[in-house]
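Undergrad: show me how the following folds:
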Amino acid sequence: MTTPALTPKPYRLLVLTSQLPYPPHQGATIRSFNILRQLAARAEIDLLSFVTRPEEVPAAGPLQELCRRIAWDLTPQRSLVQRALTTFFSPQPDMALRFASPRFAGLVQDALRAESYHAVLGVGIDVGRYLLQIAGWRRQMAPSDRRPVLIFDDLNAEYLLQQRAFETDLRQCWRPRRAAGALYSFIQWRKLRRFEARLCRAVDHVVAVSEADRLALQRLVPGLDAVVVPNGVDLDHYSPALALPPADIPRPALVFTGKMDFRPNVDAAIWFAEEVLPRIRAEFPGAAFAIVGRDPHPLVRRLSQLPGVLVTGYVPDDRPYFSAADVYVVPLRVGGGTRLKVLSAMAMGKAIVSTSLGCEGLGVVHGRELLLGDTPEEFAGHTIRLLQDAGLRQELGRRARQFVEAHYAWSALVPRLEQLYAG
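TA: Below you'll find the predicted structure:
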C-alpha cells in the first residue's frame, strides 16, 4: 500500500521573529504563535528566530509542527556601556541595534537564495533591520524572479510608546531615575520616528494592531495604508467555564498580569501599588494586589514590601490567577497596541477596571464591558464599587466575554493578514 501524497500548500512564507514564538507566554510570542497556527493551514512556513538558549528549539514541539523549517541565532548581548554609547552616538534607535547579528543576516540571505517565497513577514520593529536588508536585496533581483511580498507587523507604534514614556517620566523628573528615563525616551523617540518611518516606506504592507496605532503610523507616514489585524484571544484556553482551582491569593484579590520587566508594566505596577491600592485598602483592609508575570524588574520586586502586594514572578499558567481575581486591574499609563492581558481577562469573564490607555483601541465602552479611571481616585473608586457589588462584577464579566467572542477570535482575525500576500 502506498501512502497518498500530501496536498501541497499554496503559499510559502518566511517569518522573522526576535523571540521564539513558543511557549506563548507574553504579548509578542502569544501573537506570533497564534498567527502561525492560523497561517499554517494554507502555507508552508520557514521560521527564523532569535533564542536565548539553544534548548528552546527542541522543546518547542507545537511550533515545529506548524513550521516546515526553523533556523535560529542566539540573542546578541549588549552591555550597558555599549547601549549608552549608541544612545548618544548612533543615529539608530536602540530597538534597531538590539538584534543586530551578522549570522542572522546570513540566515536570512541563505533562506532567500534557497527558496522562492510568496511573502516575508517580520514581526516587530526588532527585526526591522532584516526587512530593510531584504528590501535592498529585492532591488537587485532580475525582473523575472519572484519578489516576495514584504509585510511588517508593527506590534506597537514604537515611536509613540517612547513619546508617552518620555511624557510620563517628565512629569516626575525631580526623581533622578525618572529624569534619566525621560532623557533616554526623548532620544529614542526622535530616533524611532525616523527608523519606523523608513521601515514603513520600505515594505509592501504594514500591519497595525489597533486603529489608534494605524492613525499614529499614518501621522508618521502620511498616506500610509496600514491594515489593522488586532491581537486576538484563544477562547477555548481562556474560558470562565474551565474548572481551574484558583490561585491561593488573599481576598479580595486584585490581579495584574504581564511581562514584568516591560517598562509600561513596571510603571503600571508601581503606580497602582503606591497611588491606588492604599485608597482601596482604606475600605477593604484585606485587599491584595497580585503582580503576576515573568522577569519582575527590581523596582517591581521591591513592591512586595508594601502591605497587600504579592509579586509572583513566572507562573506556568496565568489562568488560576485570573480565576482568583475579584477585579482584574489594568493601570497602564504608557504604551500602545492592543492589550492581550485585557482580552484574556475579558475571555475569562472577569470584571475589569482600566485606565483609558490600558484598553485603547479595543472598542470597549465604560460601564458596558468594564470601568475606566485615569486618576488614583477614579481608579480606586471604581474598584471599590466592584468589590461592593457582586452582581455588577458578574454582569460586566458576562458582557466582556460576549464582546471578545464577537470581535477577537484569532480565526476571524488572521485571514486579514493572509489577504496581503494571497491577493
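Undergrad: given whichever strand in the chain runs longest, what are its sheet partners and their directions?
TA: Secondary structure of the chain read by DSSP state E shows that its longest strand is strand 43-51. Take DSSP bridges as the rule and strand 43-51 pairs in its sheet with strand 11-17 (parallel), strand 69-74 (parallel).
Undergrad: is it possible to get a markdown table of those strands that adds mean pLDDT?
TA: Converted to a markdown table, the strands paired with strand 43-51 look like this (pLDDT from 0 to 100):
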| stretch | mean pLDDT |
| --- | --- |
| strand 11-17 | 97 |
| strand 69-74 | 96 |
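Undergrad: out of the ones you listed, which gets nearest to residue 372?
TA: strand 11-17 (33.0 Å; Cβ to Cβ). All C-beta spots, glycine's among them, are computed from the backbone N, C-alpha and C.
Undergrad: give me the contact list for that closest one.
TA: Outside strand 11-17, the residues that touch it by Cβ atoms under 8 Å, 6 or more residues apart in numbering are 28, 32, 36, 39, 42-50, 67, 108, 111-112, 115-124, 127, 130-131, 148, 421-422.
Undergrad: go on, stretch 43-53?
TA: 8-21, 36, 39, 57, 63, 66-75, 99, 101, 104, 107-108, 111, 115, 117-118, 418.
Undergrad: what subset of those is buried?
TA: 11-21, 36, 39, 57, 63, 66-67, 70, 72-73, 75, 99, 101, 104, 107-108, 111, 115, 117-118, 418 (16 or more other Cβ atoms under 10 Å).
Undergrad: burial measure for the residue lying closest to residue 311 once chain neighbours are set aside, as a count.
TA: Using Cβ to Cβ, 6 or more residues apart in numbering and skipping residues adjacent in sequence, the residue nearest residue 311 is residue 304, 4.4 Å away. A count of nearby residues for residue 304, using other Cβ atoms under 10 Å, gives 13.
Undergrad: before we move on, what about residue 81?
TA: Count around residue 81 with other Cβ under 10 Å applied: 8.
Undergrad: which strand or helix spans it?
TA: Using DSSP states H and E, residue 81 falls within helix 80-89.
Undergrad: pull out the buried positions in that helix.
TA: 86, 87.
Undergrad: roughly how far out does it sit from the chain middle?
TA: 26 Å (Cα atoms, centre = their mean, to the nearest Å).
Undergrad: and it, C-alpha only, in PDB?
TA: The C-alpha trace of helix 80-89 is given here as PDB (Å, rounded to 0.1, in the frame of the first residue of the first chain):
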ATOM      1  CA  LEU A  80      25.100  48.900  29.400                       C
ATOM      2  CA  VAL A  81      28.200  50.700  28.200                       C
ATOM      3  CA  GLN A  82      27.500  49.700  24.600                       C
ATOM      4  CA  ARG A  83      23.900  50.800  24.900                       C
ATOM      5  CA  ALA A  84      24.900  54.100  26.400                       C
ATOM      6  CA  LEU A  85      27.400  54.800  23.700                       C
ATOM      7  CA  THR A  86      25.000  54.000  20.900                       C
ATOM      8  CA  THR A  87      22.200  56.100  22.600                       C
ATOM      9  CA  PHE A  88      24.300  59.200  22.300                       C
ATOM     10  CA  PHE A  89      26.500  58.500  19.200                       C
END
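Undergrad: what are the contacting residues of the following helix or strand past it?
TA: Using DSSP H and E, the helix or strand that follows helix 80-89 in sequence is helix 94-97. Contact with helix 94-97 is made by 78, 83, 86-87, 90, 125-126, 128-129, 158, 188, 191-192, 195, as judged by Cβ under 8 Å, 6+ apart.
Undergrad: now helix 94-97: average pLDDT?
TA: Helix 94-97 carries an average pLDDT of 92.
Undergrad: coming back round to it: for residue 258, find the nearest of the strands paired with strand 43-51.
TA: Taking those one by one with Cβ to Cβ, strand 11-17 is closest: 19.1 Å.
Undergrad: next SSE downstream of the closest one?
TA: Assigned by DSSP H and E, the successor of strand 11-17 is helix 27-39.
Undergrad: check which helices and strands that following helix sits against.
TA: Counting contacts by 3 or more Cβ pairs under 8 Å, 6 or more residues apart in numbering; DSSP states H and E, helix 27-39 packs against strand 11-17, strand 43-51, helix 61-66, strand 119-123, helix 340-347, helix 410-413, helix 415-422.
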